[in-house]
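Visitor: can't give you the sequence, but here's the structure:
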DNA sequence: AGAAACGGATAGTAGAGCTATCCACTATCC
DNA sequence: GGATAGTGGATAGCTCTACTATCCGTTTCT
């Protein structure tokens, strides 16, 4: 397979494929001549993975490179790959947080986590991100929202356990690494989308009870 | 309060405050002279909300404007505001999805939702986003990940119910609107952060059982 | 042989999100 | 009441990201 076929099969514009090659996201093909190279199915899979991380996972090109680099290194311990994926998902603009309210929010998160027996690294960026969100919720001064923080904690715990178990159940280390990346980054996208879907479903039922039965337009009865 | 005090109190650079005024995110202050205006605490709260949506919720300036416009309109029915918030969170780069695999993924999502009795608008962007993620997961060809889709469905349903209930329990319509916006957008950020925290906690316990109470060294310590 | 495609390099583009400068004017402080 | 600093408003500029376009000498296909 040459570069144009790679581009055509994947749907990624050829100049963009070249760009990814330049940026080191996509490894170079096997050169068969000074200006010809052969790409295999692994390049196609890699290209699809890149696009999934960028488009579905909304990673920047730089973060994508970091995640792929971590997952490419066979000597990288699983924890580090997980960390790289987490960092890529987490390292998103640090809000202005000089305020004492932010430290209070962080303490709240840490306390709730500790009550549940979670083991937390104090310098974990996800903790700061959680504090950002809690601080914003607290600053909004809407007390009805506060119990949701507890709800999130309760809901997320069994979910994370199932996710980690699924990933660790894989056989080859290679698949574990890919599984972590896909699970972390794509799972976030999927869960967020499902949350909106579920919210719409619930709120439609509560606000527009008359509108019930017909969801997909194709008359499937909602059995439950 | 004049503009410089608004800037100083909120920590937002003055040129940026001006920019938000220009862009219509922040309403103009009450003009006391041709070139003086007075800003009240509501402007400060609004400015904080804008920053929360942009920095914590990671909305673009344009999406932030759309969400705020929807939540500002007192005649906007609740469903529409919810929809605007959902759209803002959802409208994120549409992947290339001409493939039959994508329609298959969409059908999978629709089917799972229908089995659970969800009411879904067929033209809902969140559905397409879910299909994107499922398509990417299926394309990755990691069967261990598939059961997680079910897990997400199961976990998200009670969570969304609690969220919608919390929002509908509010008294003033004004607060409901703000609650929807904050809950939808900030809740997503918070939940994502908690997911990473929980994953790290679980995986540390499973992979490094000896490492109990006192942290250091693993996972995501490269950040900040 | 000749058109088309190739790889590689360099340069250019569009949009987002600020940031800087200028202006005539106003408020403030001594 | 005059210096000085700040104000609102407009316009221009900047940096970064993610591509996109062009050129060039080579190679491959027919």
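Guide: Ah, there it is. Remember, predicted model here, so these are calculated numbers, not experimental data. Numbers count the residues shown, from 1 in each chain, chains lettered A, B, ... in the order given.

Visitor: and residue A:10, how close does it get to DNA strand C?
Guide: Residue A:10 sits at a distance of 13 Å from DNA strand C (criterion: CB to the nearest atom of the strand, to the nearest Å). Any C-beta I mention is one placed from the backbone N, CA and C, and that applies to glycine too.

Visitor: got the domain boundaries for chain A?
Guide: Per the record, chain A has its domains at A:1-56, A:88-209, by automatic domain parsing.

Visitor: got the contact list for the residue most central in space within chain A?
Guide: Of all residues in chain A, the one closest to the mean position by CA atoms, centre = their mean is residue A:185, 2.0 Å from it. Neighbouring residues of residue A:185 by CB atoms under 8 Å, 6 or more residues apart in numbering or on different chains: A:53, A:56-57, A:59, A:67, A:85, A:88-89.

Visitor: pretty sure it is in a helix, no?
Guide: Yes: looking at residue A:185 with DSSP: H, G, I helix; E, B strand; the rest coil, it is inside a helix.

Visitor: looking at the domains of chain A, which has the lowest confidence?
Guide: For those, mean pLDDT drops lowest on domain A:88-209, to a mean of 88.

Visitor: can that one be found next to DNA strand C?
Guide: No: using CB under 7 Å from any atom of the strand, domain A:88-209 never reaches DNA strand C; the gap is at least 8.0 Å.

Visitor: let me see the ranges of the helices in chain A.
Guide: With helices called from DSSP state H, chain A shows them at A:3-10, A:14-23, A:41-51, A:61-72, A:78-90, A:100-115, A:125-140, A:146-168, A:173-181, A:187-207.

Visitor: out of those, which is closest to residue B:158?
Guide: Closest approach to residue B:158 among these is made by helix A:146-168 (7.1 Å; CB to CB).

Visitor: export the contacts of residue A:185 as JSON lines, with columns for distance to residue A:204 and neighbour count.
Guide: Output for those, formatted as JSON lines (distance: CB to CB, whole Å; neighbours: other CB atoms under 10 Å in any protein chain shown):
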{"residue": "A:53", "distance to residue A:204": "33", "neighbour count": "26"}
{"residue": "A:56", "distance to residue A:204": "26", "neighbour count": "25"}
{"residue": "A:57", "distance to residue A:204": "29", "neighbour count": "25"}
{"residue": "A:59", "distance to residue A:204": "32", "neighbour count": "23"}
{"residue": "A:67", "distance to residue A:204": "37", "neighbour count": "27"}
{"residue": "A:85", "distance to residue A:204": "35", "neighbour count": "28"}
{"residue": "A:88", "distance to residue A:204": "35", "neighbour count": "26"}
{"residue": "A:89", "distance to residue A:204": "30", "neighbour count": "26"}
